[in-house]
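Visitor: what follows is a predicted structure for the sequence shown.
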Amino acid sequence: MRLPVVKRANKTTFEIVYVDLADVFYTFVEGGVLRYQTEAGVFAQISTLDEQERFLAENGFERIERGFIAQPAKATFYDDELSVLHFGEVHQAPVALSRKKVLKKRSA
């Protein structure tokens, strides 16, 4: 089984890589983040929205608001007046004004 993990070059630079569980020596918590020790080094569990956004982007997800990452292809309706993306009749997510243009182009 392969896990998506974070490989950090420094505090601001990172990439999402995959680690095979068979290569993990042990796991530990450091700074509130679960980490995996392998022969190749230490990797962190995805724990921030920026990390999650980078991981999910390859599967069609986009950040639509400061704290929301959504899969626009799954949306059933975009309410331009309320700036809300609807997923069926029950679920909805807010859309930042800066993202409205992108969603409007896509739904046109």
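Guide: Noted; the coordinates are in hand.
Visitor: when you work out contacts or count neighbours from here on, use the C-alpha atoms and nothing else.
Guide: OK.
Visitor: neighbours of Val29, just the number please.
Guide: Val29 is flanked by 11 other residues according to other Cα atoms under 10 Å.
Visitor: give me the three-state assignment for it.
Guide: Here Val29 takes the strand state, with states given by DSSP: H, G, I helix; E, B strand; the rest coil.
Visitor: low pLDDT regions in this protein?
Guide: Applying pLDDT under 70 to the chain flags the ranges 102-108.
Visitor: mark out where each domain of it begins and ends.
Guide: Residue ranges for each domain of the chain read 2-52, 60-107, as given by automatic domain parsing.
Visitor: got the buried residues for the helix or strand that contains Leu56?
Guide: Using DSSP states H and E, the element containing Leu56 is helix 49-57. Neighbour counts using 16 or more other Cα atoms under 10 Å place 51-56 of helix 49-57 among the buried residues.
Visitor: partner strands of the strand or helix carrying Lys7, with direction?
Guide: Taking DSSP H and E as the criterion, Lys7 maps to strand 2-8. As defined by DSSP bridges, the strand partners of strand 2-8 come to strand 14-20 (antiparallel), strand 41-45 (antiparallel).
Visitor: which parts of it are buried?
Guide: 4-7.
Visitor: distance from that strand to the middle of the chain?
Guide: Once both centres are worked out by Cα atoms, centre = their mean, to the nearest Å, strand 2-8 turns out to sit 13 Å from its chain's centre.
Visitor: pick the most deeply packed of the strands paired with strand 2-8.
Guide: Comparing the strands paired with strand 2-8 by mean neighbour count (mean count of other Cα atoms under 10 Å), strand 41-45 ranks first with a mean of 17.
Visitor: keeping just the C-alphas, turn that one into PDB.
Guide: C-alpha atoms of strand 41-45 as PDB (Å, rounded to 0.1, in the frame of the first residue of the first chain):
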ATOM      1  CA  GLY A  41      14.300   9.900   5.200                       C
ATOM      2  CA  VAL A  42      11.400  11.300   7.200                       C
ATOM      3  CA  PHE A  43       8.100  12.100   5.600                       C
ATOM      4  CA  ALA A  44       5.000  13.800   7.100                       C
ATOM      5  CA  GLN A  45       1.400  13.000   6.900                       C
END
